[in-house]
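>>> Got a predicted model here, sequence first, then my questions.
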Amino acid sequence: MQMNIVKNKKSLMRNVIKFSLFLFLFLSTFFLNIDSSQAAVVDNLSGKILLQVEKNGEAWYIKPSDKKRVFLSRPTDAFNIMRELGLGVSNYNLENIPSKQESFSDDFDLSLSKKLSGKILLQVEENGEAYYINPDNFKKYYLGRPADAFNVMRELGLGVSDSDISTIEIDDNFNYQSEDAISAVSEIDLDVLESDTRFEIDYSSKAFTKPVELVVEKEFTVKNLPWSLHALSPLYNYNFKTDGLYDPAHTFTVKIYYNEDNYNLKRLFNYDPFSKTFKEIEIKENLEDNYIYYTTNSTSDKLILMNEDEIMNRGKASWYKYKNGLFAASPDYPKSSILKVTNLDNNKSVEVEINDYGPDRSIFPDRVIDLDYVAFSEIASPSSGIIDVKVEVVNVADDKVEISSLEVTPVITANSAIVMNEKNNEIIYSKNPDQVVPIASLTKIVFAQVFLNLNVDFDKEVVYKLADEELNVLYCQPKSDIKLLRVEEGDVLTVRDLFYSALMYSGNNAVETLVRNSGISRDEFILQMNKYAENLGAENTNFIEPTGLSPKNVSSVKDYAIISKEVFKNKLLHDISSTKYYSFKTVNTDKEFKLYNTNRSINNNTYNIEGSKTGYLHESGYCLTTKVTQGEDSLIVINLNSDSRDERESENEKLANYGFKMINQK
């Protein structure tokens, strides 16, 4: 009995809408006569797409590897086909296969084309572009854009009856993905209300061959969102439902309305079920009616509108006199960036170069930018004083502008890191938490706690000896690499001054001077440091000297989070370690010192730090432990072996921001 091949254009076209959802897919074959034997039928259908015309055009792909069929009912299935069955191919081999417009010649390899017949090829040396090798002519068909997929479906296709397709075995073991594709690190309950935004799509009925219904669902619990952005909308899941076809030549305009008092930079994302991540979509903004919009030919998608909490694109602007040119001051973009500033009252625009920082948003929260007098005069009379403007980026001078990345969790250079909620010891973030590594001068917070436990009088005067810094040289050479308090033999200092020098300034010789004057031997002091850590349950921590100069002073971030939490409970320790600078004089020579905290984040007032210690060795990289507070919440944040001093501080801040955001979302 011959397979009943149905040559029906309308049946084929009814199903194109399913395949336009698949974007990368594909596929083909012509209507043909099949041998009556089941084996011959399956061989002839290998690598082809079958449209089950008697059952709503349901689609199946016949795998060339085992001749079993897999169901293509949903976009996630199609993406899985690409991931599981796609075959990587080199540029050289792909160039040896003709496209559908080309004829076979000596320039092409017919045997290679036949070998790859019916397969999906991924161009791995480029960007993973997808091609399908048509089993009927052995040529390649590009499966890039929706319009390409539409044309392939229109040109190629094989209809099949229910009875005939039932003879082909289903691959029950194929790894279909759940329709609930948003999976990952943590669910986020969106802090948005139903009334906060409104979703609309403008479309023409001519885009569809039959009546269509736009279905829009809202989701308020979402996974895999960029952690550093603020959600303005729920996750909108839209889908056009129709029994007809969609022509991608007709596009839709998607609009999301937001509250009128939002002046921050807006960003729109759609969910990519292949990578299981959110991808950014380029948008435009209608400031008069308060909505963002973009055009698309996707008949279904998942979209969410978010904004940057720290970057404004609309607000007030004033003027100042400085260089008398087309310049401006911005708190959001670095110097030499070019921005387009538009007066919202008269629609006049001017392009300006950023050459200064300001205005200060803590004083002027509604000011987006300040313009040089000459630039301001281009779009308004200086007598206006302050005007309403919008700001658009023309060019950013470098990559230091703090536009948030799309990280689901913080990406850092540190080899190990941890964020711990101080209240309940919950680990909010960790990277290699049990890895035992050198901790450099983070050692000094345990030295400081043990020293305080010995109740040495802070007003006691002690004499400095050069032998104290010679102990430092035992663990680190050359001596010029060692952080030292620049004192001389015989200088007299108070214990208080030495303690600040050791903990806040990280002076290694000051540590040894204090240990020498602690009332116990140096060996006993180090033994007590180890006992202190052991009593806290820090099993992977060990000290062989009190400063951190030895790379054999080791711990893990999990251990040191426990230690840091306990140490920074001591008000004196968290006050000293978070002091910006400290001044004193030697008692006997009046030599003046003004020492600054080694953690520059404290000096910059970036956030509220109630305890801090930095560290660096060649073996340890750049290290930092902090106790950070926000309202009633406190975090212990540690990163070990960051790439640079700047990364050490910026990564610790990033981790702190992440920790507080996760706490606030609960």
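That came through fine.

>>> where does the residue nearest to Asn96 when sequence neighbours are not counted land on pLDDT?
Among residues not flanking Asn96 along the chain, Asp109 sits closest, at 4.1 Å (CB to CB, 6 or more residues apart in numbering). For the C-beta atoms, the positions are set from N, CA and C on the backbone; glycine is no exception. Looking at Asp109, its pLDDT stands at 82.

>>> Isn't Val350 up against Ile379?
Yes. Counting by CB atoms under 8 Å, Val350 does reach Ile379; the two are 5.3 Å apart.

>>> Common neighbours of these two, please.
Overlap between the neighbourhoods of Val350 and Ile379 consists of Val341, taking contacts as CB atoms under 8 Å, 6 or more residues apart in numbering.

>>> ok, now how distant is the nearest residue to Lys321 once chain neighbours are set aside from Ala328?
Leaving aside its sequence neighbours, Lys321 sits nearest to Tyr373 (CB to CB, 6+ apart; 4.7 Å). In this structure, Tyr373 lies at 11 Å from Ala328, with CB to CB, to the nearest Å as the measure.

>>> who's more crowded, these two?
Neighbour count, other CB atoms under 10 Å: between Tyr373 and Ala328, Ala328 has more, with 29 against 15.

>>> Can you name the residues that contact the more buried one?
For Ala328, the set of contacting residues under the criterion of CB under 8 Å, 6+ apart consists of Leu339, Val341, Val352, Glu353, Ile354, Asn355, Asp356, Ile369, Asp370, Leu371, Asp372, Ala375.

>>> In ChimeraX, how would I select just the buried ones from those?
What follows is the ChimeraX syntax selecting those of these that are buried according to 16 or more other CB atoms under 10 Å:
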select :339,341,352,353,354,355,369,370,371,372,375
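
>>> Just the contacts of Ala328: which are in helices?
The members of the contacts of Ala328 that map onto helices under DSSP state H are Ala375.

>>> mind giving me CSV with the contacts of Ala328 and columns for distance to Thr626 and pLDDT?
Output for the contacts of Ala328, formatted as CSV (distance: CB to CB, whole Å; pLDDT from 0 to 100):
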residue, distance to Thr626, pLDDT
Leu339, 34, 94
Val341, 38, 96
Val352, 38, 96
Glu353, 37, 95
Ile354, 31, 94
Asn355, 34, 92
Asp356, 31, 91
Ile369, 33, 96
Asp370, 33, 95
Leu371, 38, 96
Asp372, 39, 95
Ala375, 41, 96
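
>>> low pLDDT regions in the stretch 401-550 of the chain?
The stretch 401-550 of the chain contains residues with pLDDT under 70 at 401-406.

>>> biggest strand in this structure, by residue count?
Within the chain, and with DSSP state E defining each element, the longest strand by residue count is strand 300-312.

>>> on that earlier part again, tell me if I'm right that the residue nearest to Lys321 and Tyr320 touch.
Yes. Taking CB under 8 Å as the contact criterion, Tyr373 and Tyr320 are neighbours in contact, 6.8 Å apart.

>>> And Glu524, which helix or strand is it part of?
Here Glu524 sits within helix 522-535, counting by DSSP states H and E.

>>> Only the C-alpha atoms, please, for that helix, written as CSV.
The C-alpha trace of helix 522-535 is given here as CSV (Å, rounded to 0.1, in the frame of the first residue of the first chain):
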residue,chain,number,x,y,z
ARG,A,522,54.6,35.7,70.2
ASP,A,523,54.1,31.9,69.9
GLU,A,524,51.3,32.0,72.5
PHE,A,525,49.7,34.9,70.7
ILE,A,526,49.5,33.0,67.4
LEU,A,527,48.2,29.9,69.2
GLN,A,528,45.4,32.0,70.6
MET,A,529,44.6,33.3,67.2
ASN,A,530,44.1,29.7,66.0
LYS,A,531,42.1,28.8,69.0
TYR,A,532,39.8,31.8,68.5
ALA,A,533,39.0,30.6,64.9
GLU,A,534,38.7,27.0,66.0
ASN,A,535,36.2,27.9,68.8
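
>>> what about the helix or strand that it is followed by, average pLDDT?
Along the chain past helix 522-535, the next helix or strand (assigned with DSSP H and E) turns out to be strand 554-555. The predicted model assigns strand 554-555 a mean pLDDT of 97.

>>> Show the contacting residues for Lys565.
The neighbours of Lys565, taking CB under 8 Å, 6+ apart as the test, are Met420, Glu422, Asn425, Lys627, Ile636.

>>> element containing it, please.
If you go by DSSP H and E, Lys565 is part of helix 557-567.

>>> Tell me the buried residues in the helix or strand following that helix?
Once helix 557-567 ends, the next helix or strand along the chain (criterion: DSSP H and E) is helix 571-577. Within helix 571-577, the residues that qualify as buried are Leu573, His574, Ile576, Ser577, counting by 16+ other CB under 10 Å.

>>> got the contact list for helix 571-577?
The contact list for helix 571-577 (CB under 8 Å, 6+ apart) reads 445, 448-449, 452, 499-500, 503-504, 567-568, 610-613, 627.

>>> change it to 10 Å
If you take CB atoms under 10 Å, 6 or more residues apart in numbering as the criterion, helix 571-577 is touched by 444-445, 448-449, 452, 458, 496, 499-500, 502-504, 564, 566-568, 570, 582, 597-599, 602, 609-614, 625-627, 629.

>>> which among those end up buried?
If you count burial by 16+ other CB under 10 Å, the buried members of the contacts of helix 571-577 come out as 444-445, 448-449, 499-500, 502-504, 564, 566-568, 570, 582, 597-599, 602, 609-614, 625-627, 629.

>>> For Ile412, see how far away the residue nearest to Lys321 is.
Between Tyr373 and Ile412 the distance is 43 Å, computed by CB to CB.

>>> bridging residues for Ala231?
Taking DSSP bridges, one obtains Met306 as the residues bridged to Ala231.

>>> My guess is it contacts Ile256. True?
No. Between Ala231 and Ile256 no contact is recorded; they are 11.7 Å apart, counting by CB atoms under 10 Å.

>>> so what's in contact with the two at the same time?
With contacts defined as CB under 10 Å, 6+ apart, the residues adjacent to both Ala231 and Ile256 are Thr197, Ile304, Leu305.

>>> Which other helices and strands does the helix holding Glu524 contact?
Counting contacts by 3 or more CB pairs under 10 Å, 6 or more residues apart in numbering; DSSP states H and E, helix 522-535 packs against helix 443-453, helix 508-516, helix 557-567.

>>> Give the burial count for Met91, as a bare number.
Residue 91: Asn, not Met. Around Asn91 sit 11 other residues, with neighbours defined as other CB under 10 Å.

>>> That one against Gln123, yeah?
Yes. In this structure Asn91 lies within contact range of Gln123 using CB under 10 Å: 6.8 Å.

>>> what's the distance between the spatially most central residue of the chain and Tyr658?
In the chain, the residue lying closest to the centroid (CA atoms, centre = their mean) is Glu407, at 1.2 Å. For Glu407, the distance to Tyr658 (CB to CB) stands at 9 Å.

>>> again, but for Ser577
Applying CB to CB, the value for Ser577 to Tyr658 is 22 Å.

>>> Repeat that for Asn432.
For Asn432, the distance to Tyr658 (CB to CB) stands at 17 Å.

>>> And for Asn517?
Relative to Tyr658, Asn517 is positioned 42 Å away (CB to CB).

>>> Could you check which of these two is surrounded by more residues?
Comparing Asn517 with Tyr658 by other CB under 10 Å, the one with more neighbours is Tyr658, at 21 against 17.

>>> Run through the stretch 201-350 of the chain and note the low-pLDDT ranges.
Within the stretch 201-350 of the chain, the ranges that satisfy pLDDT under 70 run 274-275.

>>> Swap in 80 and give it another go.
Low-confidence regions of the stretch 201-350 of the chain, defined by pLDDT under 80, span residues 223-224, 260-261, 272-277, 309.

>>> about what we covered before: what touches both of Tyr373 and Tyr320?
The overlap between the contact sets of Tyr373 and Tyr320 (CB under 10 Å, 6+ apart) consists of Phe327.

>>> number of nearby residues for the residue lying closest to Leu232 once chain neighbours are set aside?
Spatial nearest neighbour of Leu232, excluding adjacent residues (CB to CB, 6+ apart): Leu305 at 4.6 Å. The criterion is other CB under 10 Å. On that basis, Leu305 has 26 neighbouring residues.
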